[in-house]
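>>> take a look and give me a structure for this.
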Amino acid sequence: MSEDIKKTISELHIYEKKLLKELEANPEATPMDIATNTGMDIKSVMSAAGSLASKDIIEVHKDVQKTYSLTDDGREYAEHGLPERKILDVLAKKKEISMSDLANEAGIDKKETGIALGWLRQKNWAQIDKGVINITDIGREFVDKSGVDEKVLDYLKVNADGVKLFTDDLMDGFKKLTGRKNILNIKKETSHSFKLLPKGEEILKVGFDIREQATQLTHEQLKEGEWKSLEYRPYDINAEAPLIFAGKKHPLRIIIDEIREIFLNMGFSEDNGHFVESAFWNFDSLFQPQDHAAREMQDTFYLKNPLTCDLPDDALVQLTAETHENGADTGSIGWQYDWSEDIARQSVLRTHTTGISTKHLFEHEPPIKMFSVGRVFRRETFDYKHLPEFHQVEGLVCDEGISYQNLLGTLKEFYKKLGFEVRFRPAYFPYTYLSTETEIYLEEKESWIELGGAGMMRPEVLRPLGIDKPALAFGLGIERLAMIRYDVEDIRMLYKSDIKWLREVPTVNGVEL
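Numbers count the residues shown, from 1 in each chain. This next block holds a predicted model:
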């Protein structure tokens, strides 16, 4: 006896053994025969058969027998004729009928009229011209002759108990009737038969005992000691298990929660802000001139409702205006233009989360360690790397003695916790100086990828807010990080709800592997 057969026998369920023994005694045994002889219910027999078939021990053959009979409508048509037959009979006498007189002349209702006309044209028994129905030459041939479908109706009328098969001369008529509703009843009877395969014959040749085996223990068996004398059914620890697609977080949510946890563990507090913001907080507070290209309609979503937003404290507004116009007391000459309150009041969908940082600076006293994670909106054209709606992360630190070195150290720690090696290169941003872009190294691509921007807040941003201490800020786009983390080439994949991709993204307790 081979080890494979021995192992297979040891893993057989008692129901599988009973089924095999019945097939050994009677290879022609039906599922009902086996159920009767073994005391198993038919469901258990079929379950055992399916399990044996999956192990190549038996074959399960399925046979479906269909019985065809007439419905009530079918019997009516068999007795009094199909709707098109009734029209043909009238045409045989009158040669033509007006469409308006059709139902009355043929003795059919309006519901049948449309059906009848369709079949008249399909059978080429009649044609319609300017609202008048005329009989065709083919139609005249069938005036006293049954169509193939009518022959089937007559056949089923005689065989009222139903017919399983049709002779070749009736097959065309049967196919025509199956294409019509409410004429044929179809009753299906399914039967199964089993056939031993060579592996099954070898198992029976080796033989086995049919004894009850324990698959799980009860409290009583443990308490009374009965477990000691039980025979246990072996388990195959290498057997394939069904895939279970348990509910889990969306990949973007996983990264957002991971970033939030990093910030919170680094001692930051969270601020969220609002999707709808004034142009003042979104642009002006960041020392972005009112004629800057980023403010144009092709880059920013401006709202009609509400059309405008309230401006904050008058002193803040006045200082911001002076800073834009002439630099105020910041040491800058400003942008040298006339600042407008009307432009600052415009309502926009926020284009970044940096406006949350300036508002937080105005509303809180240093020392400050704040972060925000939120959606932002820009008038971008959909493509593989751009969306009009995406997520942005912002970090802010403000306190006495904060320097550019603190900025680089904070960034290194943040990206280290994300699992990246990081380097920096000079950059320009309207509201920071010194400014830098952060690059991370991807081993699989053997290249550096830009992932975020950072810098020291300019005096033109801080002074109007009443901040006289240095502040550092940095941010990154979550979607870009997600594309790197999940090896996605097209940003749209993150929002397509592709169930196959979502299921296959591996996670453990919400953390991506």
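>>> list the contacts of the nearest residue in space to residue 316 that is not next to it in sequence.
Excluding the flanking residues, the one nearest residue 316 by Cβ to Cβ, 6 or more residues apart in numbering is residue 464, at 5.9 Å. Every C-beta, even on glycine, is put in place using the N, C-alpha and C of the backbone. Contact partners of residue 464, counting by Cβ atoms under 8 Å, 6 or more residues apart in numbering, are 285, 316, 319, 320, 323, 328.
>>> distance check, residue 464 against residue 22.
91 Å (Cβ to Cβ, to the nearest Å).
>>> next: residue 32.
11 Å.
>>> so what pLDDT did residue 1 get?
At residue 1, the model reports a pLDDT of 58.
>>> what of residue 511?
46.
>>> kindly report the same for residue 338.
Per-residue pLDDT puts residue 338 at 96.
>>> any idea which helix or strand in the chain has the lowest mean pLDDT?
Counting by mean pLDDT, DSSP states H and E, the chain has its least confident helix or strand at strand 511-512, which shows a mean of 46.
>>> let me see the ranges of the helices in the stretch 201-350 of the chain.
In the stretch 201-350 of the chain, the segments counted as helices under DSSP state H, counting those that start in this stretch are 219-224, 251-265, 279-282, 314-326, 341-345.
>>> flag every buried residue along the fourth one.
For helix 314-326, the neighbour count (16 or more other Cβ atoms under 10 Å) marks 316, 317, 319, 320, 321, 322, 323, 324, 326 as buried.
>>> quick one: mean pLDDT for that helix?
Mean predicted confidence for helix 314-326 is 95.
>>> make 276 the first number, not 1, from now on.
In the new numbering, first residue 276, that becomes helix 589-601.
>>> residue 754: neighbour count?
22 (other Cβ atoms under 10 Å).
>>> gap between it and residue 457?
Note on residue 754: its distance to residue 457, by Cβ to Cβ, is 55 Å.
>>> do the same with residue 280
Residue 280 is 56 Å from residue 457, by Cβ to Cβ.
>>> sec struct for the residue in the chain sticking out farthest from the centre, please.
Ranking residues of the chain by C-alpha distance from their mean position (Cα atoms, centre = their mean) puts residue 368 at the top, at 62.5 Å. The three-state label given to residue 368 by DSSP: H, G, I helix; E, B strand; the rest coil is helix.
>>> shaky segments in this structure?
276, 782-788 (pLDDT under 70).
>>> where along the stretch 326-475 of the chain do the helices fall?
347-355, 358-369, 377-381, 385-398, 412-416, 423-433, 443-453, 473-481.
>>> nearest to residue 580, of those helices?
helix 385-398 (50.3 Å; Cβ to Cβ).
>>> off-centre distance for the closest one?
44 Å (Cα atoms, centre = their mean, to the nearest Å).
>>> ok, and for it, which residues are buried?
387, 388, 391, 392, 394, 395, 398.
>>> for that helix, name the packing helices and strands.
For helix 385-398, the elements it packs on are helix 358-369, helix 377-381, strand 401-404, helix 412-416, judged by 3 or more Cβ pairs under 8 Å, 6 or more residues apart in numbering; DSSP states H and E.
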